[in-house]
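Participant: 3D, please:
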Amino acid sequence: MVNPLKFNTTNRSQFFSTVRQRVNVHFKEKGLSPHANGAMWAKATFFMTGYLTLYGLILSNQFGTWTMLAMALVLGAFAAFIGFNVSHDAIHGAFSSRSWVNRLVASSFYLIGANPYVWKITHNVVHHTYTNIPGHDEDIEIAPGLIRVDVDEPLRPWQRFQQWYAFPLYSLASLSWVFRKDFLKFFKKTIGQCDNTNHPRKEYITLFATKIGYYVFFIVVPLLVLDLPWWQFAIGFVLMHMVEGLVLGLVFQLAHVVEGTTFPVPVEGVGMQEAWAVHQMQTTANFAPNSALAAFLCGGLNRQIEHHLFPKICHIHYPVITAIVRQTAHEFDLPYIENPSFSSALSSHYRLLKKLGREPVPVCVSEPAGVPV
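Facilitator: Numbering: from 1, shown residues only. I've put the predicted structure just below:
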């Protein structure tokens, strides 16, 4: 790591030790494992079975063009839900106490054209440590030059309309991920400020082999099997990924780029003025916490606060630890940012994009060893 950014380890740092102790006591008193339970395995099975079934039905060639297109759109949504509900937990090591089980379940990421090794670096290590810090967290670099989130970035004339064109851009996220993002991130010398040059040799092979495998199963095989002209297949393939990209983009943006969240910048020579856990409370937001549908589809990412504090706890348990985290945050006079519904979070995201596209927004001038990833 180049010039590692440090978080304050004393300023209100008792918050994390207190909330962690309370959550641990909860699991111990209830006799619960923090990993996947029967409901979680059933949920994972549902999404994986649905995804593979839709893929098989499309390739069966037994349906009309419009029916296959509809199934392709649903397939795109299921791909996003696998990422949220299956792969994400496993890559964090939250699915099981056994590392080999987590690796096996994490391999579901290959089915949707993504690479778990690259994601672990960019998401588990960089995003979870340097959340919303410009120049460090590349997840807030949504579309450089087009979407302005960093207030130090020059304000361009077209960005006054970014609250409108951001959403179509989000729909391109999956296509970019499958064809560009993993390769770009893998071969970058640094991600944020983290050294990214020492990859195991097997990961080079895995990256290219699994990408080729995805291209074969989702491009070559359908073109050979389906009784469709190539341009109809291309439309279906692109629209499938646009649905997947829009779902992925919205869920991730509503967790960090909404009103109330901050984009702190380090103090030169000092680092961050807050403790890591306090920083997470200032940069992360929940949405639709009482919606069973949001919890089922989003893999707990609608409770992003709990996820960022406890990424190694399976998301199936987030509803029961939410009250503990919220109460402890209030006791320490920390923000607990929450939008009551998906639509209210979407409106908040829209308003923040509009504001960031029209005027400079003040930022907080503000990571620790042992950050949970």
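
Participant: what segments of the stretch 101-250 of the chain are helices?
Facilitator: Under the criterion DSSP state H, counting those that start in this stretch, the stretch 101-250 of the chain contains helices at 108-111, 116-119, 128-129, 162-170, 173-176, 182-187, 201-215, 221-225, 230-256.

Participant: can you check the stretch 251-373 of the chain too?
Facilitator: Using DSSP H, counting those that start in this stretch, helices in the stretch 251-373 of the chain cover 276-283, 292-298, 304-309, 318-331, 342-356.

Participant: mind putting those helices into a markdown table with distance to Phe167 and mean pLDDT?
Facilitator: For glycine as for every other residue, the C-beta is placed from the backbone atoms N, C-alpha and C. Shown next, in a markdown table, are the helices of the stretch 251-373 of the chain (distance: least, CB to CB, whole Å; pLDDT from 0 to 100):
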| stretch | distance to Phe167 | mean pLDDT |
| --- | --- | --- |
| helix 276-283 | 22 | 94 |
| helix 292-298 | 18 | 94 |
| helix 304-309 | 20 | 97 |
| helix 318-331 | 27 | 96 |
| helix 342-356 | 9 | 95 |
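
Participant: got these as a markdown table, with distance to Arg103 and mean neighbour count columns?
Facilitator: As requested, the helices of the stretch 251-373 of the chain are exported to a markdown table (distance: least, CB to CB, whole Å; neighbours: other CB atoms under 10 Å):
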| stretch | distance to Arg103 | mean neighbour count |
| --- | --- | --- |
| helix 276-283 | 27 | 25 |
| helix 292-298 | 24 | 17 |
| helix 304-309 | 20 | 24 |
| helix 318-331 | 23 | 17 |
| helix 342-356 | 32 | 18 |
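
Participant: any chance of those in JSON lines, with distance to Leu228 too?
Facilitator: Compiled in JSON lines, those are given as follows (distance: least, CB to CB, whole Å):
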{"stretch": "helix 276-283", "distance to Leu228": "45"}
{"stretch": "helix 292-298", "distance to Leu228": "30"}
{"stretch": "helix 304-309", "distance to Leu228": "40"}
{"stretch": "helix 318-331", "distance to Leu228": "42"}
{"stretch": "helix 342-356", "distance to Leu228": "34"}
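
Participant: so which of those is nearest Lys6?
Facilitator: Closest of the helices of the stretch 251-373 of the chain to Lys6 is helix 276-283, at 9.6 Å (criterion: CB to CB).

Participant: for the closest one, enumerate the helices and strands it packs against.
Facilitator: helix 14-30, helix 304-309 (3 or more CB pairs under 8 Å, 6 or more residues apart in numbering; DSSP states H and E).

Participant: near His199, how many other residues are there?
Facilitator: Each residue near His199 was counted by other CB atoms under 10 Å, and the total is 15.

Participant: measure it to Ile121 for me?
Facilitator: 9 Å (CB to CB, to the nearest Å).

Participant: again, but for Ala277
Facilitator: For Ala277 relative to Ile121 (CB to CB), the value is 22 Å.

Participant: which residues does the closest residue to Leu175 other than its chain neighbours contact?
Facilitator: Spatial nearest neighbour of Leu175, chain neighbours left out: His241 (4.6 Å); criterion: CB to CB, 6 or more residues apart in numbering. By CB atoms under 8 Å, 6 or more residues apart in numbering, the residues touching His241 are Gly76, Ser174, Leu175, Val178.

Participant: to Lys30, which of the helices of the stretch 251-373 of the chain lies closest?
Facilitator: Of all the helices of the stretch 251-373 of the chain, helix 318-331 comes closest under CB to CB, at 8.3 Å.

Participant: list the helices and strands the closest one packs on?
Facilitator: helix 14-30, helix 304-309.

Participant: got CSV for these, with distance to Glu203 too?
Facilitator: Formatted as CSV, the helices and strands packed on helix 318-331 follow (distance: least, CB to CB, whole Å):
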stretch, distance to Glu203
helix 14-30, 32
helix 304-309, 25
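
Participant: how about the closest residue to Leu254 other than its chain neighbours, what does it touch?
Facilitator: Spatial nearest neighbour of Leu254, chain neighbours left out: Ala345 (4.3 Å); criterion: CB to CB, 6+ apart. Taking CB under 8 Å, 6+ apart as the criterion, Ala345 is in contact with Leu254, Val258, Ala285, Phe287, Ala288, Asn339.

Participant: distance of Ala345 relative to Val149?
Facilitator: As judged by CB to CB, Ala345 and Val149 stand 16 Å apart.

Participant: check Gly93 too.
Facilitator: Gly93 is 29 Å from Val149, by CB to CB.

Participant: between those two, which one's more packed in?
Facilitator: A count of neighbours by other CB under 10 Å puts Val149 above the other of Gly93 and Val149, at 25 against 22.

Participant: which pLDDT value goes with the spatially most central residue of the chain?
Facilitator: The C-alpha lying nearest the average C-alpha coordinate of the chain belongs to Phe252 (CA atoms, centre = their mean; 5.0 Å). Looking at Phe252, its pLDDT stands at 92.

Participant: pretty sure it sits against Asp139.
Facilitator: Yes - with contact defined as CB atoms under 8 Å, Phe252 counts as touching Asp139 (7.0 Å).

Participant: by mean pLDDT, flag the weakest helix or strand of the chain.
Facilitator: In the chain, the helix or strand scored least confidently by mean pLDDT, DSSP states H and E is strand 194-195, which has a mean of 87.

Participant: partners of it in the sheet?
Facilitator: Partners of strand 194-195 in the sheet, by DSSP bridges, are strand 190-191 (antiparallel).
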